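Asks: this is a predicted model, with the sequence first.
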Amino acid sequence: MGAVPYSYFVRYQPDIGAALQELREREFREGRYNPVLRFPPRPVGPDSPAPGARHRSIREALRASGADGTRSILDLEQVSEEPRLGAVAPFPEDVLRALYGTTQPTREMIEQGADSEYLERGEGIYVVVYRDGRRDEIYFAGLSYD
């Protein structure tokens, strides 16, 4: 089986690490991770299934998911300045310019979905999303281990 992309939009806050941890907690509580949902939805929206957590903790869910990982943001535990396994890193500005013609993309631009070709298995990225020239959301995306 090939790696599975996943993505999320959350309200902007200056602390990317805090936004990541809040998102991870939300997705855990909602049960949107493997093995609860074999293939969680992409992107997550208000009508996405939410069967609830089936494990006592994120750590337990990670162990239960095995080599496949959770196929969700739960696999990405921290923020890093550079791409690496288990972390989200800022999407490079040169790639933002190449994809969107700007370093301040809107949600509509990002929803075109061109970012997944830049992702590596087990790694993730984040992008600050703009609306009317102001920071509005944070986009997190990753690619499952398998």
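Replies: Happy to help now that I have it.

Asks: top helix in the protein by residue count?
Replies: helix 16-30 (DSSP state H).

Asks: buried set for it?
Replies: Under the neighbour-count criterion of 16 or more other CB atoms under 10 Å, helix 16-30 has Ile16, Ala19, Leu20, Gln21, Leu23, Arg24, Glu27, Phe28, Glu30 buried. Any C-beta I mention is one placed from the backbone N, CA and C, and that applies to glycine too.

Asks: so what touches the one helix or strand Ala61 maps to?
Replies: For Ala61, the host element (DSSP states H and E) is helix 58-65. For helix 58-65, contacts defined as CB atoms under 8 Å, 6 or more residues apart in numbering pick out 24-25, 28, 33-36, 53-55, 69-71, 74-75.

Asks: state the pair within those that is farthest apart.
Replies: For these, the maximum inter-member distance is 18.4 Å, found between Glu25 and Pro35 (CB to CB).

Asks: name the spans of this protein whose pLDDT lies under the cut-off.
Replies: Confidence mapping of the chain against pLDDT under 70 gives the ranges 1, 113-114.

Asks: can you give me the helices in the protein?
Replies: Using DSSP H, helices in the chain cover 16-30, 58-65, 93-100, 107-110.

Asks: can you put those in JSON lines and add distance to Val129?
Replies: Shown next, in JSON lines, are the helices of the chain (distance: least, CB to CB, whole Å):
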{"stretch": "helix 16-30", "distance to Val129": "12"}
{"stretch": "helix 58-65", "distance to Val129": "25"}
{"stretch": "helix 93-100", "distance to Val129": "11"}
{"stretch": "helix 107-110", "distance to Val129": "5"}
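
Asks: out of these, which is closest to Leu85?
Replies: Among those, helix 58-65 sits nearest to Leu85 (CB to CB), with 12.8 Å.
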